[in-house]
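J.: Sequence first, then the predicted structure:
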Protein chains: 2
Amino acid sequence: MGGKLIVRIAELEIEPDQLETYRLLLTEAIEAAVALEPGVLSLSAVSIEGSPHKIRILEVYANQTAYEAHLQTPHFLKYKNATAGMVTSLTLIDVDPITMRGKL
Amino acid sequence: MGGKLIVRIAELEIEPDQLETYRLLLTEAIEAAVALEPGVLSLSAVSIEGSPHKIRILEVYANQTAYEAHLQTPHFLKYKNATAGMVTSLTLIDVDPITMRGKL
């Protein structure tokens, strides 16, 4: 799969009352995306210790086409629509990979 | 390998004049750690688009013992000593994994 990797950090804040539901929806969407989409290379979601409503996601897509295809998938659209009212802040930071190594 | 995963985000700022050298040292250290240490599960280093001296690293260790062993390795100590004068800001953020999926 050619083209430039698309890498991004999403920083989110979630309505605390809805955090448990949000986490389930996020987990379901991430697992579906990595399992079903060849161009979704990695999605790592974490919450800040002591501030569990602050979420960060490192997203790695094979290229721009893969990213745009991801936005049209049923699992992403379900997540986006279902969580729209739970997300109180969303910052998307475009980043360039330096090196990414793993055995997860 | 048992125990609780240790996951962290490091946010660094690098002296711009030394950025090229810093990136080489960081890449060398990350590649050695993931290749040689069973307990270093993933290290993903990126720079912010438009602000290449701002670096973020998502670090995943198998457990606390693996993390502490990592700090004593020759490749980590080389990186830490060689880059000490290049890093103008370092913030370490402890995080809890929600889900981390990848095929990198």
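T.: Arrived safely, thanks for sending. Residues are numbered from 1 along each chain as shown, chains lettered A, B, ... in the order given.
J.: quick check: mean pLDDT across the longest strand along chain A?
T.: Across chain A, the longest stretch assigned as strand under DSSP state E is strand A:87-102. For strand A:87-102, the mean per-residue pLDDT is 97.
J.: can you pull the buried residues of the longest helix seen in chain A?
T.: The longest helix of chain A (DSSP state H) is helix A:19-36. Buried positions in helix A:19-36, judged by neighbour count with 16 or more other C-beta atoms under 10 Å in any protein chain shown: A:22-23, A:25-26, A:29-30, A:32-34. Any C-beta I mention is one placed from the backbone N, CA and C, and that applies to glycine too.
J.: Turn the residues you listed into TSV, including distance to chain B.
T.: Below are those laid out as TSV (distance: C-beta to the nearest C-beta, whole Å):
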residue	distance to chain B
A:22	10
A:23	6
A:25	11
A:26	6
A:29	9
A:30	5
A:32	10
A:33	8
A:34	4
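J.: a markdown table for those, including pLDDT and distance to residue A:11?
T.: A markdown table is the format used below for these (pLDDT from 0 to 100; distance: C-beta to C-beta, whole Å):
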| residue | pLDDT | distance to residue A:11 |
| --- | --- | --- |
| A:22 | 98 | 14 |
| A:23 | 98 | 16 |
| A:25 | 98 | 18 |
| A:26 | 98 | 14 |
| A:29 | 98 | 17 |
| A:30 | 98 | 16 |
| A:32 | 98 | 22 |
| A:33 | 98 | 19 |
| A:34 | 98 | 20 |
